[in-house]
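Enquirer: Below: sequence and its predicted model.
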Amino acid sequence: MRPLYLLPLAALALAAAACSKETPAPQAEAKPAESPFQITATIQDIMDAEVDPAADFLWASTGFVSDKTGLHDKTPHTEAEWTAVRRNALILIEATNLLRMEGRQVATRELDREEKGGEDDPQKIQKAIETNWTAFIGFARRLHDVGSDMLKAIDKRDIAGMDKLGEDLDAACEACHRTFWYPNAVEPIQTLEPPK
C-alpha cells in the first residue's frame, strides 16, 4: 500500500504537466493574396505603345531600300544603332509578359475598322480571349520566343537570322490577330501573275 502523502504529490505533478502544455493560438482566417500588379493599360494600349513600334523597328532593321538617291542598306552599323535594335527586341519580349496578365481589358475605345473585315468589336475580342485564354497565352508565348530568338541573333550580329526571324515575327503576330482581332477578315488574294 502506497503512503497517502504521495497522492497529493502525484495530483500536483499531473496539474503541472497539464499547465505546461501550450494551448495553440487561434489562427486567423487566410486572406486572399493581393496582386502586386496595378493594371492600367489595355491590351490595345500595349500593342500601340510597345509591341507595334518595337516590331516595326525590328522589321526595318534589315534589308535594303531603293529610292531616288540609290540603294540603302538598313543594317545597323554603329554600336548606337545595334543598341537601338537590341532595346526594341527587349521591349517586344517584355511586352508579351504584360499581355499575359489576367484582368487586363482589351480596349476602352473603338478599334480600327477602316477596311471591311477589320478589327472586331472590343467586347467581342474580350469575350473571345476569355473563352480561349489558353490559346491567347500560347500566342503571347510564341511572340516572346520569337523575340528572344531575335535578341540572340542581334547579339551575334546575325543579319540573315534577323531577317528570317522578321518573317517568324510577322507570322506570330498574324496568328493571334486572325484568331482574335479580325477573325472574319478576307484572306488576301495571291497570284503569281504580274499586275496589268
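Expert: Everything's here; your move.
Enquirer: what distance separates the start and the end of stretch 145-165?
Expert: The first and final residues of stretch 145-165 sit 10 Å from each other (Cα to Cα, to the nearest Å).
Enquirer: Can you give me the buried ones in the one helix or strand residue 124 maps to?
Expert: Here residue 124 sits within helix 122-131, counting by DSSP states H and E. With burial defined by 16 or more other Cβ atoms under 10 Å, the residues of helix 122-131 counted as buried are 122, 125-126, 128-129. Using the backbone N, CA and C atoms, a C-beta is placed for each residue, glycine as well.
Enquirer: helix, strand or coil for residue 183?
Expert: Recorded secondary structure, residue 183: coil (DSSP: H, G, I helix; E, B strand; the rest coil).
Enquirer: Not counting sequence-adjacent ones, nearest residue to it?
Expert: residue 120 (6.8 Å; Cβ to Cβ, 6 or more residues apart in numbering).
Enquirer: For my notes, confirm that neighbour occurs in a helix.
Expert: No. Applying three-state DSSP, one finds residue 120 to be coil, outside a helix.
Enquirer: Can you give me the separation between it and residue 99?
Expert: From residue 120 across to residue 99, the span is 17 Å (Cβ to Cβ, to the nearest Å).
Enquirer: Next: residue 80.
Expert: According to Cβ to Cβ, residue 80 stands 29 Å off from residue 99.
Enquirer: Quick check: which ranges of the protein have low pLDDT?
Expert: Applying pLDDT under 70 to the chain flags residues 1-32, 110-119, 187-196.
Enquirer: residue boundaries of the strands in it?
Expert: For the chain, applying DSSP state E gives strands covering 64-67, 70-73.
Enquirer: Show me what the last one is packed up against.
Expert: So that's strand 70-73. Counting by 3 or more Cβ pairs under 8 Å, 6 or more residues apart in numbering; DSSP states H and E, the packing neighbours recorded for strand 70-73 are strand 64-67.
Enquirer: Show me what the strand it packs on packs onto, helices and strands only.
Expert: strand 70-73.
Enquirer: Of all the strands of the chain, which one is nearest residue 173?
Expert: Nearest to residue 173 among the strands of the chain is strand 64-67; the distance by Cβ to Cβ comes to 21.8 Å.
Enquirer: and for that closest one, what are the contacting residues?
Expert: With contacts defined as Cβ atoms under 8 Å, 6 or more residues apart in numbering, strand 64-67 is touched by 71-74.
Enquirer: quick one: which of the residues you listed is nearest to residue 85?
Expert: residue 74 (10.4 Å).
Enquirer: That closest one contacts residue 61, correct?
Expert: Yes. Counting by Cβ atoms under 8 Å, residue 74 touches residue 61, with 6.3 Å between them.
Enquirer: The two: which has the busier surroundings?
Expert: Neighbours were counted for residue 74 and for residue 61 using other Cβ atoms under 10 Å; residue 61 has more, 23 against 14.
Enquirer: how close does that one sit to residue 52?
Expert: Taken as Cβ to Cβ, the span from residue 61 to residue 52 is 15 Å.
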